[in-house]
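Chemist: What would the 3D arrangement of this be:
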Amino acid sequence: MQAPTIGGVRVRKGDGETVRLARGSSLTDFAEKIGVDAAALVQMLFHLGEMVTSTESVNDATLELLGEELNYVVEVVSPEDEDRELLESFDLEFGEDEGADDQLVARPPVVTVMGHVDHGKTKLLDALRSANVVDKEAGGITQHIGAYQVATEVDGEERRITFIDTPGHEAFTAMRARGSKSSDIAVLVVAADDGVMPQTVEALNHAKAAEVPIVVAVNKIDRPDADPTKVRGQLTEYGLVPEEYGGDTMFVDVSAREMLNLDALLEAIVLTTDASLDLRANPEQDAQGLIVEAHLDRGRGPVATILVQRGTLRVGDSIVAGPAHGRVRAMLDEHGDTVEEADPSRPVMVLGLSAVPGAGQNFLVVEDDRVARQIAEKRESRERAAMQAKRRVRRTLEDFMASMEKGAESQELNLILKGDVSGSVEALEDSLAKIDVGDEVSIRVIDRGVGAITETNVDLAAASDAIIIGFNVRPQGKASEMADREGVEIRYYSVIYQAIEEIEAALKGMLKPEFEETTLGQAEIREIFRSSKIGNIAGCMVTDGVIRRNAKVRLLRDGAVIADNLDLASLRREKDDASEVREGFECGLVLRNYQNIQTGDIVEAFEMREIPRS
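Modeler: Here you go, the predicted structure:
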């Protein structure tokens, strides 16, 4: 059946059938699914007010709009479903323990340490594993997720516990959420002298959303103003009732600085695990798990901190981790010692990947390098298409006309983000996206990545007039010289909120300044002196305020403005040049390029002052 002509384009309509498309599909992909010419879809969208080429990734809303016009139900496949279908095509599955019940063995709990900034989360982990993470963090704020394993003895049996440290600053909400989703138990750290704070509540909500048991560590009990009872009362309001009050949440008073009650905290974690969870995994199957963090090491290449969730990972295994693949060349534990294999709940650093995977992505062992490469390439192209669709702002004809009318009024700040680890780059991008200083200026992240700033980054920045933000990274090779040559600005940061504040200030600086007029003073012309060399000289008495040499002036006669926005050619007090003359003093002045003055005229001085943006 022929469709009615839409904007002169005749396209066969569907009968309401469902068309499944991957996120970030192009019009060509859609056209192939329904058996029409992609050029016809481009033309149709143009008449619907959208300007899109046939090969560029389009967002979900545009695909659905086109589907409605053509009587198709467009179903955009979620990234999770798409990944599952991709793995199924290789007879793989992520997230299931294989084998019979008797093949499953107990595994250590994975614990996320959460809480408000500066409540002592990292100090507590320091004390537990006798290492020092805080000193390496800029500003004393944890900006990466670290994973470590400690051992404790409960009822004469050695028990291992894996800890994931999550950042405290508000910009790292996404990283904290990811930490809670990958763990079995959450330890909520609350300072006894500070009580429940906004990020404490936020962390608590993440843990509840992940449906994990919570153990509360009331830290800093060695402080003189510590009040653990107050903390218990505050958290009761949020549904965490201590065992001593008849509830089911274990509260442990600890001091990370004085090393107090740390054994009791570890024991509480083990007891909560035994009471609430049945943690078992099959160590014999191919390993699967999560990327906790990843970065680019100058000497060792891409390095990923991974958490094995099921199976056993061994050196030499072929793995695929998000869009990266490779063979496990070496594995290191949290102390930097090499290990040959990692069993369930074991965090290790893996060397040998082809690229830096994203934090929070899954990894799995496959049969050989060929399969790993094929899955990684498909994932990479899918991620690239989805990212292009996400970044592409719907540009309608109305938008285009509006921008033409505005001309250069609307401005955009282009940024390229480079960081040392993928989680920090993600957190920085999320935070920058939330900056809002009005409609006149906007921010656009045109590229992001992990590792040193390269010449390719500088090339892109020069071509797109972008600023490069380096978070804990520096330029590589001749990138710095190239940036100087091309006039590309590179800004370096080690603390995330400093980057956010400066970029927000830069955006406000891009706003067109707003000015208001401020009257400085008035002078009455009492006498006029004629000079063949410089014209009419006005002998004046300053009657109000001040007359400044560099200010603008206007001439008033009988209350009406005769001339406006004039400059002073000279201002003199007696025989000397003056920068300003105040009320009650006489002066002589000459108006630049204006001679029509009379006795009794008023010279009013004013200046335009910029109104500071809030």
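
Chemist: With Lys208 as the reference, measure out to the closest residue in space to Thr249 that isn't next to it in sequence.
Modeler: Nearest non-adjacent residue to Thr249, counting by C-beta to C-beta, 6 or more residues apart in numbering: Leu240, 4.7 Å away. Glycine gets a C-beta too; all of them are placed from N, C-alpha and C. Distance of Leu240 to Lys208, given as C-beta to C-beta, to the nearest Å: 10 Å.

Chemist: When those two are compared, which one has more neighbours?
Modeler: Remark: of Leu240 and Lys208, Leu240 carries more neighbours, 24 against 15, as counted by other C-beta atoms under 10 Å.

Chemist: Contacts only, for the more buried one.
Modeler: Neighbouring residues of Leu240 by C-beta atoms under 8 Å, 6 or more residues apart in numbering: Leu188, Leu204, Ile214, Val216, Gly247, Thr249.

Chemist: Low-confidence regions, the stretch 101-250 of the chain specifically.
Modeler: Scanning the stretch 101-250 of the chain for pLDDT under 70 picks out 130-146, 165-181.

Chemist: residue ranges of the helices in it, please?
Modeler: 121-129, 173-181, 198-209, 228-236 (DSSP state H, counting those that start in this stretch).

Chemist: And the stretch 401-550 of the chain, by the same measure?
Modeler: Using DSSP H, counting those that start in this stretch, helices in the stretch 401-550 of the chain cover 422-433, 455-464, 479-486, 496-510.

Chemist: Any chance of those helices in a markdown table with mean neighbour count, distance to Phe529 and mean pLDDT as columns?
Modeler: As requested, the helices of the stretch 401-550 of the chain are arranged in a markdown table below (neighbours: other C-beta atoms under 10 Å; distance: least, C-beta to C-beta, whole Å; pLDDT from 0 to 100):
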| stretch | mean neighbour count | distance to Phe529 | mean pLDDT |
| --- | --- | --- | --- |
| helix 422-433 | 22 | 62 | 82 |
| helix 455-464 | 18 | 59 | 86 |
| helix 479-486 | 15 | 57 | 88 |
| helix 496-510 | 17 | 47 | 77 |
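
Chemist: Verify the stated contact: Gly535 with Gln595.
Modeler: Yes - between Gly535 and Gln595 there is a contact under C-beta atoms under 8 Å: 5.2 Å.

Chemist: Who has more neighbours out of those two?
Modeler: Comparing Gly535 with Gln595 by other C-beta under 10 Å, the one with more neighbours is Gly535, at 16 against 10.

Chemist: So what sits opposite the more buried one in the bridge?
Modeler: Ser531 (DSSP bridges).

Chemist: before we move on, the earlier item: and for Leu240 and Lys208, which residues touch both?
Modeler: Ile214.

Chemist: Flag the shaky bits of the stretch 401-550 of the chain, pLDDT-wise.
Modeler: For the stretch 401-550 of the chain (pLDDT under 70), the answer is 401-411, 437-440, 508-514.

Chemist: Check whether Ile269 really touches Pro108, as I assumed.
Modeler: No - the pair Ile269 / Pro108 is not scored as a contact, 10.0 Å apart, by C-beta under 8 Å.

Chemist: Give me the common contacts of these two.
Modeler: Residues touching both Ile269 and Pro108 by C-beta under 8 Å, 6+ apart: Ile161.

Chemist: More neighbours: which of the two?
Modeler: Ile269 (25 against 20).

Chemist: For that one, list the residues it contacts.
Modeler: Pro109, Val111, Ile161, Ile185, Val187, Val215.

Chemist: That one looks like it's in a helix, true?
Modeler: Yes - with DSSP: H, G, I helix; E, B strand; the rest coil as the criterion, Ile269 is part of a helix.

Chemist: Now do it against Val215, distance only.
Modeler: 6 Å.

Chemist: any common contacting residues for these two?
Modeler: Common neighbours of Ile269 and Val215 (C-beta under 8 Å, 6+ apart) are Ile185, Val187.

Chemist: What segments of the stretch 351-500 of the chain are strands?
Modeler: Assigned by DSSP state E, counting those that start in this stretch, the strands in the stretch 351-500 of the chain fall at 362-366, 411-419, 441-450, 466-471, 490-493.

Chemist: For the ones you listed, please prepare JSON lines with the additional fields distance to Arg557 and mean neighbour count.
Modeler: Formatted as JSON lines, the strands of the stretch 351-500 of the chain follow (distance: least, C-beta to C-beta, whole Å; neighbours: other C-beta atoms under 10 Å):
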{"stretch": "strand 362-366", "distance to Arg557": "81", "mean neighbour count": "22"}
{"stretch": "strand 411-419", "distance to Arg557": "42", "mean neighbour count": "20"}
{"stretch": "strand 441-450", "distance to Arg557": "43", "mean neighbour count": "18"}
{"stretch": "strand 466-471", "distance to Arg557": "52", "mean neighbour count": "22"}
{"stretch": "strand 490-493", "distance to Arg557": "54", "mean neighbour count": "17"}
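
Chemist: For these, could you give me JSON lines that also reports distance to Val19?
Modeler: Listed next are the strands of the stretch 351-500 of the chain as JSON lines, based on distance: least, C-beta to C-beta, whole Å:
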{"stretch": "strand 362-366", "distance to Val19": "28"}
{"stretch": "strand 411-419", "distance to Val19": "34"}
{"stretch": "strand 441-450", "distance to Val19": "31"}
{"stretch": "strand 466-471", "distance to Val19": "37"}
{"stretch": "strand 490-493", "distance to Val19": "45"}
